[in-house]
Each structure stands twice: as structure tokens, then as C-alpha cells.
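Chemist: Turn this into a structure:
(one chain, ligands or ions: 1)
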Amino acid sequence: PYNQILEIRKQNFSPQMSTYFQKPLLLHQGYMQWLFDYEGKRYLDLFSGIVTVSVGHCHPRVTTAAQNQFGRLWHTSPVFLHPAIHEYAEKLTALLPEPLKVVYFTNSGSEANDLAMMMARSHSQNVDIISFRGAYHGASPSTLGLTSVGAFKPRTTTGSNCQTTMCPDVFRGPWGGSQCRDSLVQTIRKCSCAPGCCEANSQYIEQFKNTLHTVVAKEIAGFFAEPIQGVNGVVQYPKGFLKEAFQLVRERGGVCIADEVQTGFGRLGTHFWGFQSHGVLPDIVTMAKGIANGFPMSAVVTTPEIAKSLTKSMNFFNTFSGNPIAGVIASAVLDAIKEDGLQENSQETGSYLLLKLAKLQNEFEIIGDVRGKGLMIGVEMVQDQESRQPLPLKEMNLIHEECKDMGLLLGRGGLFSQTFRIAPPMCITKEEADFAVEVFHSVLRRHME
Ligand code: PMP
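Modeler: Predicted structure coming up:
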């Protein structure tokens, strides 16, 4: 049906709905970390439907839970009670530290961040919200103002009263600071925290203060940050940056929001939530994607105090909020993460893969940086390691497509689409990580000939 589907797409979809690859993949089914096309060819999925299929495609436990619920009751709306979402709410809040104990259910990452913006404004009674350049927090009219990466640079629709500030990007930022990064790659490069990198952090903090003083009105409503930027190509901040930034925002009356849409649910390995790896405690946490393994669902968790101020200023309502299907699926996802040891596997297999990829840097001048945490890894491609100029799009596309032809699906990210993103279902094994590195290695070797 391949050509027919392409034709339907051409006739009925906006040309803006782009796909990966010159010859887009037509997928038929998936099982755990593997995807299969209509010809039965299999692919190791290193991108999980954009960092979403957290526990594996059609994970048996999750599928059974969904099937049982599909036969019973799909939808009630929040004006009726059903046990599924209550049981889930209890399980979810148990995974968050005090005082993050009040949960709201929504249906996408953008919706969750929309709600978080309203919370920040109602609680602080201020309007200005800031986020990093290169961040992705959503594509709704309001969150678009917080999003500024690649094609998503605000153009005609900009969320009002949203300001961006310089991203303390340890690889591309003006002051570097890569030694500061809390990453295993340090081990391989044998570098320790040099004096220069602490200076870099203080330069970034100065910039941040500058934004607070000059761009934002006197007081601030909130500050959004991804613990590691996903769409921007797995961008990490210097150690200690977020802690200082949170403090500065709070001093000016703002609340701090951790966008855990990509980093939550054990993906980073060492911690269940990305904010924990920065040693900070946010006032609001937003989550989506991996929460329900691909079923549309998202959530916002906040403090009783912030929830109270939201209640005073608006009546939150969402028809699909926490429907029974979403409740049982999300619950089964949490059980699978625990029972299959997926957070531990993210740590172990993620570190294993990161080190193997980092070693390739010695062989290939076009690998500029290998970074990340757990199973959220970025491989930034450059023209050469000295100039750090991004590898041209044409070459990126070729490498990407050749990996796909050899059965390996990678993601892409970064301002110039120059970073390969690796965020597989968290059940990937070391043998499969070996396969991924072998394919990548052979494609790069051919590319350099
Ligand atoms: N936050 C982050 C960190 C994201 O990566 C995304 C999606 N890429 C969103 C929010 C928005 O999620 P959605 O596409 O479900 O609206």
C-alpha cells in the first residue's frame, strides 16, 4: 500500500507534516524495542516514537491492562468516579517528594505546560515567564512562546509575556563548561572539573540575572526548564546551574517548573525524575510522552498551596482528564518500569552505550560530542572537532537514512538538526546497544571513505 498511502498523504495532509527519510518508513507493527515494516523488515527503535514508548511497543502487561479496560469502560469524564485514575494518582504522587502531591491530568505535553503556566501566574500574581533558548515546551498558542528550537522558532504566533534567556549549553554556549557536565563521558576523556568550567557557570548565571533584571518586568511568574533539553539535541547545563537559577527566580517571586516530558519515568537512570539529578525541588512538574507508553495522556503535579491559588483564579476542567483507559495504562507502565527493572537498565545499558559511542569520537572527526544520561543520549555531528561547525544537513540525512536501511532508527535534534538522538524503549539490551554501535560505525566508515 506504500504508494497509495503517500498519495493520500499528499492529497489530504499539509505539506508541513514532514516525515523522516527520503523514503519514509511505513510501519506495520512493533514489539518491545523492535519495529517492523510491511515487508517484515525489522528495525531497532532508538527513538521510541519521539521518546514516548518508554517500556516497549505493545508491552504485554500494558497491552493486557488496556485490552481488559477497553472491554469494560472507556470514558466517564471527571464528573464521575472511577477507581483507575485514583489508584494511579496515588501511585504517581508517591513517586514525588513532598510537597508535590496534587495532581491534574491532561492529554499532551503542551496541555500540561499550558496548565503549569496558568498555575505560575495565578500563584505569583505576575505574568512574565522565562525559558531557555532552544527549549521545547509545546506548540499550543501559549507554550509556543516558551519554545524556540529549529522550525519551532516563534514566528507569527507567540505566547505573550514569554521571554527566553540564554541556554547554558555546555557544548555550543559561548563559555563552554563541558568539564562541568555530570556525565560519564568525563571518565573516558579523563577530565576533571577545571577552574575554567566553574567560571563558565558563573558567566551563564550572570546572563540569567541579566535577563531577570532587564527583560522581565520587575517580578516574574515562572521559569520553565527541561532537566536536559530533548528537541534541542540532548543539551546539558553546567553542574549547579539550575540550583542557582531556581534560587534567583524564587527571590523574585516566581515559581520553578521542571518539564519532565522527556526526562521523567526513569529514563535518566540514576533518578526517576530529571530534576533530582540537579539537586533541585521544583514547584510544578509536568509530564507526558513516556507516562502512558504512547497513549495520549499527561499530568501536572504541584503543591497544595499552588493548587489552591489556581482554584481561586480559574476552574480547571478537561473532558478527557484521566479517563479509565489512560489510568490503567499509566498504572501498568509504572508496574512495568518497576518489575522489569527499567530504570536500572536505563542506567546500565545507557552508560554502556554512551561510553561505546564516546570511543567512536577518537576515530571519527565528524563526531563533535557524545553526551547524555541514562537512555537519553545525543551524538552531535560536526564538520571537524576543532571548528565544531554543524555537519551539513545533506550529510546528516545520508547517515540517518543509511542507518535506517541497516535496521537502525535514530532520532534527530538541534538547531541545525545536527544531533542524532538516542532514546530507545528502556528495555533495550547491551547486545542491541552493540548492534547499534556496529551499524553506526560501519555507516560512518563508509561515509568517510
Ligand atoms: N515538553 C517537552 C520537553 C517536549 O519534548 C515536548 C514534545 N516534544 C512537549 C513538551 C510537548 O508535548 P506534546 O507534543 O505532547 O504537546
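
Chemist: which ones are touching the residue in the chain that the ligand sits nearest to?
Modeler: The nearest approach of the chain to the ligand comes at residue 109, 2.2 Å away (C-beta to the nearest ligand atom). In this view, the C-beta of every residue, glycine as well, is placed from N, C-alpha and C. Neighbouring residues of residue 109 by C-beta atoms under 8 Å, 6 or more residues apart in numbering: 137, 138, 259, 261, 286, 288, 289, 298.

Chemist: Neighbours of the last one, how many?
Modeler: Residue 298 is flanked by 25 other residues according to other C-beta atoms under 10 Å.

Chemist: Reformat the contacts of residue 109 as JSON lines; add pLDDT, secondary structure and distance to residue 406.
Modeler: Shown next, in JSON lines, are these (pLDDT from 0 to 100; DSSP: H, G, I helix; E, B strand; the rest coil; distance: C-beta to C-beta, whole Å):
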{"residue": "137", "pLDDT": "96", "secondary structure": "coil", "distance to residue 406": "34"}
{"residue": "138", "pLDDT": "95", "secondary structure": "coil", "distance to residue 406": "34"}
{"residue": "259", "pLDDT": "98", "secondary structure": "strand", "distance to residue 406": "34"}
{"residue": "261", "pLDDT": "98", "secondary structure": "coil", "distance to residue 406": "30"}
{"residue": "286", "pLDDT": "99", "secondary structure": "strand", "distance to residue 406": "36"}
{"residue": "288", "pLDDT": "98", "secondary structure": "coil", "distance to residue 406": "31"}
{"residue": "289", "pLDDT": "98", "secondary structure": "helix", "distance to residue 406": "27"}
{"residue": "298", "pLDDT": "98", "secondary structure": "strand", "distance to residue 406": "34"}
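
Chemist: which ones among these come in contact with the ligand?
Modeler: Residues of the contacts of residue 109 in contact with the ligand (C-beta under 6 Å from any ligand atom): 137, 138, 259, 261, 288.

Chemist: Most neighbours of all the residues you listed, which one?
Modeler: residue 137 (34 neighbours).

Chemist: Next up, the contacts around it.
Modeler: Neighbour list for residue 137: 109, 110, 113, 131, 143, 146, 147, 224, 226, 259 [criterion: C-beta under 8 Å, 6+ apart].

Chemist: Look up phi and psi at it.
Modeler: phi -120, psi 0 (degrees, to the nearest 10).

Chemist: Ignoring the adjacent residues along the chain, who's closest to it?
Modeler: residue 146 (4.1 Å; C-beta to C-beta, 6 or more residues apart in numbering).

Chemist: and the one you found, how many residues sit next to it?
Modeler: Around residue 146 there are 28 residues (other C-beta under 10 Å).

Chemist: what does the stretch 1-150 of the chain put close to the ligand?
Modeler: 108, 109, 110, 113, 136, 137, 138.

Chemist: quick one: which two of those residues are the most distant?
Modeler: Using C-beta to C-beta, those reach their maximum pairwise distance at 108 and 136, which is 12.7 Å.
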